[in-house]
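1. Predicted coordinates and the sequence they were generated for:
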Amino acid sequence: MIESFKEIANSLKSDIIEFTQKLIQTPSLTGNEEHIAEIVFHKMKSLGYDDVFIDDCGNVVGILKGEEKDKDIVFSSHLDHGEPEEKSLWEYDPYSGNFDNEFIYGIGSSDCKASIASQIYSGYILKKLGLLKKGNYIAAFTVQEGSASCFGTKYLYEKTFKEENISPKLVVLGNSSSLNIYIGQRGRAEIEIVIYGRTNHSIIPKLGINAIYKSASVIKNIEDISENMPFHPMLGESSIAITKIVSLPNLESVVPDRAILSIDRRFLHFETLEEIKNQLKSIIDKLSIEDQTFKAEINIKTSKIRSYTGYVEECNKVMMPFLTDTNNERIKNIFFEIKKFRNNTNFGAWYFNTDGGYTSNVLKIPTIGYSAGEEKYYGTPFEKVSIENMLSSIVGNCLIYFS
């Protein structure tokens, strides 16, 4: 089968490059994915997907019907990308979609526009060869990954898939994995600590309680705990960092009565949000005992997110961690088949966050990543994707479906 997959993928090379170019040339900033959604929708229609639709949140779903029940597999990539910065550093315009004999260049090429093309064409090849013998092949392309809240993915699984009676048994994400099989990531929680004081005119600062002064002891305690964080050999080390301090009122001649610390907390699959909050709460409790005038509270940040369709939801700024069990029988089979195809394939994990934390950690669906994109290019002015690796990822996706 490998040779058949390779032969057809190579015969479609020009079409695949042209489609990937079109995706790159179509700006799809987070929250503005409407145009790329239409392009993806019509491509799956033209390639003969059995059912194609855009849900009320803006996610695009294409279904190729398989023969076996209860073996549905979802191949999923996000439609959005971040704002291209430092355009002067780009070799080509970020939206050019230029290509040569080796690479296709441009914003989102590595994560995830090449994967969108690869996942769509993998399904097409399986149908062309009459090989949809397993469960349904579901290509699902989500909005708003860049909002760091699993907004589009959460809607897809909790509402759309439930309405369509879809119960996937495996999720394959198209985030950059360098043709390795990625099995996890650290989580990320955006947290704020609000430290309270009492405002007063700075003519007589002693009549106030300066919240900035009170924040110094919190900062020192957070710095102390950052030196001894949990570690995992695959996922790396948990971390905590204060990324911003804001004081209010924002006036030159007033003692501030609030100091707000923004905290970026990266955490491992065996840590819970409750434990993370309690770690910070223990600092607040200790300082409250030591200083009767100290008062603070801890909050998980939230954001009101609106999709291009107009759907709105208030979401926590949390991306959950996950680690897929490599002893899972299907995961072992996938690794075995991909290893036969490309002997240098390994397991790996993302440095950045994906929506896999939701599908794996929350929904408990085995989740992996497989993509031609390379993490080292993601979010840089040097973003590009190997054409050869794109064609290989199409073959690999077909093998994953059968494993």
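-> Structure received. Only a predicted model underlies this, so the values are computations on that prediction, with no experimental measurement involved.

2. mind checking the SS state of Cys315?
-> Secondary structure for Cys315, judged by DSSP: H, G, I helix; E, B strand; the rest coil, is strand.

3. And His78, how close does it get to Asn59?
-> 10 Å (C-beta to C-beta, to the nearest Å). From N, CA and C alone the C-beta is placed, and that goes for glycine too.

4. where do the contact lists of these two overlap?
-> Phe141, Thr142, Val143, Gly152 (C-beta atoms under 8 Å, 6 or more residues apart in numbering).

5. Can you tell me which of these end up in helices?
-> Gly152 (DSSP state H).

6. so which of the shared contacts of His78 and Asn59 comes closest to Glu85?
-> Of all those, Glu85 sits closest to Val143, with 21.5 Å by C-beta to C-beta.

7. show me what contacts the nearest residue to that closest one once chain neighbours are set aside?
-> Spatial nearest neighbour of Val143, chain neighbours left out: Gly152 (3.9 Å); criterion: C-beta to C-beta, 6 or more residues apart in numbering. Neighbouring residues of Gly152 by C-beta under 8 Å, 6+ apart: Cys57, Gly58, Asn59, His78, Thr142, Val143, Gln144, Glu145, Ser307, Asp355.

8. and if you look at Leu132?
-> Leu64, Lys65, Gly66, Glu67, Leu126.

9. Now do the same for it: its pLDDT.
-> Note on Leu132: pLDDT of 94.

10. For my notes, confirm it occurs in a strand.
-> No: Leu132 sits outside any strand when classified using three-state DSSP, being coil.

11. mind checking how far Gly130 is from Phe75?
-> Gly130 is 19 Å from Phe75, where distance means C-beta to C-beta.

12. out of the contacts of Leu132, which are inside helices?
-> Checking the contacts of Leu132 against DSSP H, those in helices are Leu126.

13. Lowest-confidence entry in the contacts of Leu132?
-> Scoring the contacts of Leu132 by pLDDT puts Glu67 last, at 87.

14. Could you find the closest non-adjacent residue to that residue?
-> Lys133 (5.3 Å).

15. re earlier: with distance to Glu314 as added columns, please give the shared contacts of His78 and Asn59 in TSV.
-> Formatted as TSV, these follow (distance: C-beta to C-beta, whole Å):
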residue	distance to Glu314
Phe141	24
Thr142	19
Val143	16
Gly152	15
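
16. Most neighbours among the shared contacts of His78 and Asn59, please name it.
-> Counting neighbours by other C-beta atoms under 10 Å, Val143 comes out on top of these with 33 neighbours.

17. these two touch, right, it and Ile305?
-> No: judged on C-beta atoms under 8 Å, Val143 makes no contact with Ile305 at a distance of 9.5 Å.

18. Return every residue with contacts to both of these two.
-> Residues touching both Val143 and Ile305 (C-beta under 8 Å, 6+ apart) are Gly31, Phe151.

19. and whatever helix or strand Lys45 lives in, what does it pack onto?
-> When elements are assigned from DSSP states H and E, Lys45 belongs to helix 34-46. Where contact means 3 or more C-beta pairs under 8 Å, 6 or more residues apart in numbering; DSSP states H and E, helix 34-46 is packed against helix 13-24, strand 51-54, strand 60-64, helix 114-128, strand 137-142.
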